[in-house]
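Undergrad: here is my input; please provide its structure:
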Amino acid sequence: MINWLLKLFGKKRTVEKTAKSMMDSELTYVRTANLELGMYIAELDCPWLDSPFKLQGFTLATERELQALKNECYYVYIDRARESKLSLLAKSREVNKSLAIGKPPKKQGSFRNEIEGATSHYRATGQLVSDFMQKVKNGGSIDTKLAKEAVASSVNSILQSPDAHLWLMQLKKKDEYTAQHSLNVSMLSIVLGRHIGLAESDLRDLGLCGMMHDMGLMLIPSAILNKATELTAEEKKIRETHTTLGAELLKSSENMFHGAIETALTHHERVKGQGYPSGLKDSGVSFYSNIVSIVDTYDALTSDRGHTKAMTHLEATQVLYQKAGEQFNRPLVSKFIESLGVFPPGCYVQLSDKRIALVLEVNEESKLRPRVMAIMDCYMNPIKERVVNLDKVLTDAKGNPLRIQSIISPDAFNINREQHFQEGVISKGFEIAAA
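TA: Next up, the predicted model:
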């Protein structure tokens with residue numbers, strides 16, 4: 001076998017060195033035709049002194065070095081543990097070539113039928129994310145198999161009814177922000193991915209990118225991570241290291257999707273190079289990371305965080321729209337806003353007859369006329385909940401056109417979103433005929 005290899009490659013390599021390389025668990029055999037920028041070249045198929053390379057062990061950083069290796073060697077050994085972010089970016093560009101913006105599929109289920117199962121799944125997945133984060137805080141790594149299984153379940157549930165999950169994502173708790181944020185980014189990324197027609201396998205990869213994107217925050221000192229007031233410039237720099245820390249953490253997790261590592265590293269990069277840690281521009285950032293950066297910003301803007309009060313859906317989407325093309329990928333911003341709708345599930349609205357209602361489900365063909373549940377009369381008194389499909393109920397009790405007049409803040413009307421959920425208001429509403 002060894003003689004055949006020597007003859008094939010025409011190199012004067014000793015049997016002992018070949019055997020040593022193959023037994024080294026850190027090194028991987030790669031043909032030079034398959035090399036990528038960012039890989040760490042640990043050994044050649046010829047003596048280093050006979051090669052044009054001055055350093056014994058180096059990171060493949062330029063196309064010129066890549067071509068020189070192809071000219072000199074048939075194969076090399078690379079060290080995966082020392083692989084740089086350049087290789088991750090090369091892999092992500094390959095992913096980008098296979099992904100494109102398409103059209104959403106039809107919902108496979110309905111809000112009414114899926115809300116119970118979605119609730120159970122959302123809670124279980126939320127607990128799993130919290131467990132992952134606690135394990136990382138304690139010096140552990142991610143159970144990739146468990147994470148992938150949870151994301152696959154999320155994809156299946158969201159394909160049944162994205163509206164149910166969008167509603168559940170509104171039940172935010174300030175003291176659980178970090179874990180809930182990662183859960184929501186995963187879910188919202190899948191919602192957007194579904195809306196642009198990604199295949200189920202791509203949705204699973206994308207959901208994992210969202211779930212893992214902020215794991216590096218668990219390696220930031222708690223005093224900085226949980227600070228209630230604005231961070232100092234030095235504290236901000238420390239917090240920003242969560243991207244590189246997160247990427248290194250995920251690298252150490254067995255069988256982690258390379259796109260999730262790249263997303264952890266680059267989800268704060270911006271399309272014109274204003275982001276961190278490397279100031280990459282749009283072409284240097286993966287399709288998945290572009291999606292996660294948009295979703296990450298939206299969920300952060302619509303959440304209470306430390307000294308920052310949550311924005312409404314309308315305010316947050318206006319911010320994204322204004323920054324599209326400058327900080328975020330413009331087509332993806334448009335598709336994200338479109339995927340949520342003007343009146344997303346979970347928001348509270350005032351109807352033209354002055355009743356207050358909760359948006360339950362978006363009508364794909366008529367986004368301005370969703371399915372809602374009336375909860376207060378025109379005098380702001382609680383009423384027996386009833387579901388109204390605005391796509392079918394076009395007039396109110398007096399014969400006047402019925403439509404949504406505005407989005408309201410539940411706090412302004414003393415509405416307890418969590419209490420609505422706890423008391424099973426949605427189930428009650430579906431028991432009453434639409435009016």
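Undergrad: please report how far Asn381 lies from Ile356.
TA: Distance, Asn381 to Ile356, using Cβ to Cβ, to the nearest Å: 10 Å. For the C-beta atoms, the positions are set from N, CA and C on the backbone; glycine is no exception.
Undergrad: I should have written Thr232 there, sorry.
TA: With Cβ to Cβ as the criterion, Thr232 and Ile356 are 42 Å apart.
Undergrad: more neighbours, those two?
TA: Ile356 (22 against 11; other Cβ atoms under 10 Å).
Undergrad: ok, now which ones touch that one?
TA: 348-350, 374-376, 380, 408, 413, 415 (Cβ atoms under 8 Å, 6 or more residues apart in numbering).
Undergrad: what's opposite it in the beta bridge?
TA: Judged by DSSP bridges, the bridge partners of Ile356 are Gln350, Met376.
Undergrad: buried set for the helix or strand containing Ile337?
TA: Per DSSP states H and E: Ile337 is located in helix 330-340. For helix 330-340, the neighbour count (16 or more other Cβ atoms under 10 Å) marks 332-333, 335-337, 339-340 as buried.
Undergrad: ditto for stretch 367-382
TA: For stretch 367-382, by 16+ other Cβ under 10 Å, it's 369-376.
Undergrad: closest to Asn34 out of the residues you listed?
TA: Pro370 (50.0 Å; Cβ to Cβ).
Undergrad: make sure the closest one is actually in contact with Gly341.
TA: Yes: look at Pro370 against Gly341 with Cβ atoms under 8 Å: they come within range, at 6.9 Å.
Undergrad: got any residues that touch both of those two?
TA: Joint contacts of Pro370 and Gly341 (Cβ under 8 Å, 6+ apart) are Val362.
Undergrad: where along the chain do the strands fall?
TA: Remark: strands assigned in the chain by DSSP state E are 27-31, 40-44, 58-59, 75-79, 348-351, 356-361, 371-376, 382-389, 404-408.
Undergrad: other SSEs contacting the shortest one?
TA: The contact analysis (3 or more Cβ pairs under 8 Å, 6 or more residues apart in numbering; DSSP states H and E) places strand 58-59 against strand 40-44.
Undergrad: packing partners for the strand it packs on?
TA: On a contact count with 3+ Cβ pairs under 8 Å, 6+ apart, strand 40-44 meets strand 58-59, helix 63-72, strand 75-79.
Undergrad: need the winner for burial among those.
TA: Most buried of those, by mean neighbour count (mean count of other Cβ atoms under 10 Å): strand 75-79, with a mean of 20.
Undergrad: what about the stretch 151-300 of the chain, any weak spots by pLDDT?
TA: Scanning the stretch 151-300 of the chain with the threshold set as pLDDT under 70 gives 174-175.
Undergrad: which residue ranges of it form helices?
TA: For the stretch 151-300 of the chain, applying DSSP state H, counting those that start in this stretch gives helices covering 162-168, 177-195, 200-212, 222-225, 233-240, 242-251, 258-266, 287-301.
Undergrad: can I get these in CSV including mean neighbour count and distance to Val136?
TA: Output for the helices of the stretch 151-300 of the chain, formatted as CSV (neighbours: other Cβ atoms under 10 Å; distance: least, Cβ to Cβ, whole Å):
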stretch, mean neighbour count, distance to Val136
helix 162-168, 27, 24
helix 177-195, 25, 11
helix 200-212, 25, 10
helix 222-225, 13, 12
helix 233-240, 13, 16
helix 242-251, 21, 6
helix 258-266, 27, 12
helix 287-301, 25, 18
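Undergrad: reformat these into JSON lines and put distance to Ala324 next to each item.
TA: Formatted as JSON lines, the helices of the stretch 151-300 of the chain follow (distance: least, Cβ to Cβ, whole Å):
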{"stretch": "helix 162-168", "distance to Ala324": "21"}
{"stretch": "helix 177-195", "distance to Ala324": "14"}
{"stretch": "helix 200-212", "distance to Ala324": "20"}
{"stretch": "helix 222-225", "distance to Ala324": "29"}
{"stretch": "helix 233-240", "distance to Ala324": "23"}
{"stretch": "helix 242-251", "distance to Ala324": "22"}
{"stretch": "helix 258-266", "distance to Ala324": "18"}
{"stretch": "helix 287-301", "distance to Ala324": "9"}
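Undergrad: which of these sits closest to Arg31?
TA: Arg31 sits nearest to helix 258-266 of all the helices of the stretch 151-300 of the chain, at 19.0 Å, using Cβ to Cβ.
Undergrad: how near is Ala357 to Asn389?
TA: In terms of Cβ to Cβ, Ala357 sits 12 Å off from Asn389.
Undergrad: tell me which of those two has more neighbours.
TA: Per other Cβ under 10 Å, whichever of Ala357 and Asn389 has more neighbours is Ala357, with 26 against 15.
Undergrad: per-residue pLDDT, the more buried one?
TA: With respect to pLDDT, Ala357 scores 93.
Undergrad: so what's the closest residue to it other than its chain neighbours up against?
TA: Closest residue in space to Ala357, ignoring its immediate chain neighbours: Val372 at 4.0 Å, by Cβ to Cβ, 6 or more residues apart in numbering. Shown in contact with Val372 (Cβ under 8 Å, 6+ apart): 349, 351, 357-360, 387-388, 390, 404.
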